[in-house]
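Enquirer: structure of the sequence below:
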Amino acid sequence: MADLLKGRANDEVYSTFMKRFVQHSVGKRAWKAWLQEGSKGCPVTPTDEAFVLVVLENAWDVWINLFEQFGGVFRRQKRALSPEKRIRSNKKFKYTSVIMSDQESEEGEDPTSTSQYSRNMWTDQGLARFNKVYQEVKQDREDHKDWDKEWYEENKKVVKKNKKPAGKISVAPVNDM
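Expert: The predicted model follows:
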């Protein structure tokens, strides 16, 4: 996470960050359209970038802990698993907390559950962290003005090379009468 927070100065790490995480903040279609056409400029704002960084930082320790519990293999857990079978992290999120509504939680209820009575909230520390990261992102963009252009030029070629022609699907009408 520390390498990621260095910003564009760490070219390889930040490039992966852009490809794997930031693109999801603007949507797949907008991202692909930008990489294929490039006419409108990058759809990612400093706000988007800062938000993704803070979300990653918020959950980083939890995800690393789960990764280690799974023996170094990423596995997606099914929500249908009973609470006894579900692997839980013993780490806490940095900047979010679960707030219970007026109705008290049941004895032994998991406070991280997404029941109708709980909601996740950003803490004041999390909001302050977002504001700081936002300023850092703006400064990082100013310090590395050419990075986005170079990254775009390098990655638009990859998208165009991997573009596959749409397959044709034929559907025959069926009459069950």
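Enquirer: average model confidence for the lengthiest helix in the chain?
Expert: Looking across the chain with DSSP state H, the single longest helix is helix 46-69. Average pLDDT, helix 46-69: 90.
Enquirer: and that helix, what does it pack onto?
Expert: Contact analysis of helix 46-69 by 3 or more C-beta pairs under 8 Å, 6 or more residues apart in numbering; DSSP states H and E lists helix 23-26, helix 124-143 as its packing neighbours. Backbone N, C-alpha and C define where each C-beta goes, glycine included.
Enquirer: what's the neighbour count on Gly71?
Expert: Residues near Gly71, counting by other C-beta atoms under 10 Å, number 7.
Enquirer: mind telling me what element it is part of?
Expert: Using DSSP states H and E, Gly71 sits within no helix or strand.
Enquirer: now do the phi/psi pair for it.
Expert: Note on Gly71: its backbone torsions stand at phi 80, psi 30 [degrees, to the nearest 10].
Enquirer: for it, give its distance to Gly27.
Expert: Distance of Gly71 to Gly27, computed by C-beta to C-beta, to the nearest Å: 34 Å.
Enquirer: quick one: the longest helix of the chain to helix 124-143, angle?
Expert: 120 degrees (axes from the mean of the first three to the mean of the last three C-alpha atoms, to 10 degrees).
Enquirer: buried stuff in helix 46-69?
Expert: Burial within helix 46-69, assessed by neighbour count using 16 or more other C-beta atoms under 10 Å, is assigned to 46, 48-55, 57-62, 65-66.
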